[in-house]
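[1] make a model of this:
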Amino acid sequence: MTPRLSVVIPTRNCLPYLPAALASIRAQAGAPAPFGPIEIVVVDDGSTDGSDAFLRAEAEKDPCLTVLVHEPAGVSAARNAGIAVARAPIIGFLDADDQYMPGVVAARMDLMERDPSVVLAFADVVSVTPEGEELGRQFTYWPFFREWIGGRTGLLDLGPDAFAMILAETVCGTSTVIARKSALEAVGGFDTRYRIGEDWDLWLKLAATGNVWCDTVCSTRYLKRPGSASKDTAELVRSVRQIFRERVPDPSRIPQPYRRIAQARLLTSDAMLSRERDQRVRAFCQQTAAFLMAPNANAARDAAYDLARVLRLK
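    Numbering: from 1, shown residues only. Purely as a prediction, here's the structure:
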């Protein structure tokens, strides 16, 4: 029987976290209502920690688990390989050190099966430390998206401004996404040129082709651990600016206020790099410009921090 949903997990040396990630997917099948079997496609991107033996043993017990092993090629290539072999018409993504919350997939699946125009559906995510301390939620952090939600709950249609909203704030967490396989293939999947921002780039490509919805439910526990993601700020800035140029060749076509918010985020990225290089005045000017372009508490806090550094108070 063809599964309704395939979940793709790229992994590299994440053996301590894989059992919980797999269990969280399997738990979706029976909650909150019978969902049916979920195909899990794990792409082992050159692990050296024993993940291969663990995954082989799991696959022998679970006919719904497919394991791909290949030479290290990066997360984009790994996810693309998983998409290629996935059998379901709808694909979910989960990083190996993240976990689904119980019963969070069914509502978005029902939506996408009812409405073929929906190419992408995502949900809220809570960041946690390895010790289990909650650091905050995605939808709460981004001020303009939080204002757009305005206290509403459940499934929400981003409408005609979906592309602009995802451009403006990175509200779409990869480990919450479910997307239509045909749409993923049509836009070419994840761009392997990027080590950082490849997911944001893909969500923008999808948003340009069809409808996007979100669910205010907190669907995923996102683990923030040392070394779990690249800290290369220069690469981040390069990728963000290149993606912006390619996806937005004419910024004047992006409606306000999203254009200002997106351009302010570019300045904030520049300020991050200047801060890292201890270019204090430059960082303050960039962050202040970002605040003036799109005023919000996060930008104000960062500008105040940079001013304190200019004045040698920090």
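[2] shaky segments in the stretch 201-314 of the chain?
    Applying pLDDT under 70 to the stretch 201-314 of the chain flags residues 226-231, 314.
[3] quick one: residue 242 is in a strand?
    No. Counting by DSSP: H, G, I helix; E, B strand; the rest coil, residue 242 falls outside a strand, being helix.
[4] check the gap between it and residue 169 for me.
    Separation of residue 242 from residue 169 (CB to CB, to the nearest Å): 19 Å. Backbone N, C-alpha and C define where each C-beta goes, glycine included.
[5] between the two, which one's more packed in?
    Neighbour totals were compared for residue 242 and residue 169, and residue 169 leads with 22 against 15 (other CB atoms under 10 Å).
[6] that one touches residue 257, doesn't it?
    No. Contact status for residue 169 versus residue 257: not in contact, 11.1 Å apart, counting by CB atoms under 8 Å.
[7] what's the overlap in contacts for those two?
    residue 144 (CB atoms under 8 Å, 6 or more residues apart in numbering).
[8] how about the strands in the stretch 1-150 of the chain?
    Secondary structure of the stretch 1-150 of the chain (DSSP state E, counting those that start in this stretch): strands at 5-11, 39-45, 65-70, 90-93, 99-100, 118-128, 134-137.
[9] may I have the first one exported as PDB, CA atoms only?
    The reference is to strand 5-11. The C-alpha trace of strand 5-11 is given here as PDB (Å, rounded to 0.1, in the frame of the first residue of the first chain):
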ATOM      1  CA  LEU A   5       3.300  10.400   4.000                       C
ATOM      2  CA  SER A   6       7.000   9.900   3.700                       C
ATOM      3  CA  VAL A   7       9.300  11.500   6.200                       C
ATOM      4  CA  VAL A   8      12.900  12.200   5.100                       C
ATOM      5  CA  ILE A   9      15.600  12.300   7.800                       C
ATOM      6  CA  PRO A  10      19.200  13.200   6.800                       C
ATOM      7  CA  THR A  11      21.700  12.100   9.400                       C
END
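[10] state which strand of the chain is the longest.
    strand 211-223 (DSSP state E).
[11] for residue 93, which residues are in contact?
    Residue 93 makes contacts with 7, 8, 9, 79, 174, 175, 177, 178, 179, as judged by CB under 8 Å, 6+ apart.
[12] go again using 6 Å as the cut-off
    By CB atoms under 6 Å, 6 or more residues apart in numbering, the contact set of residue 93 is 8, 174, 177.
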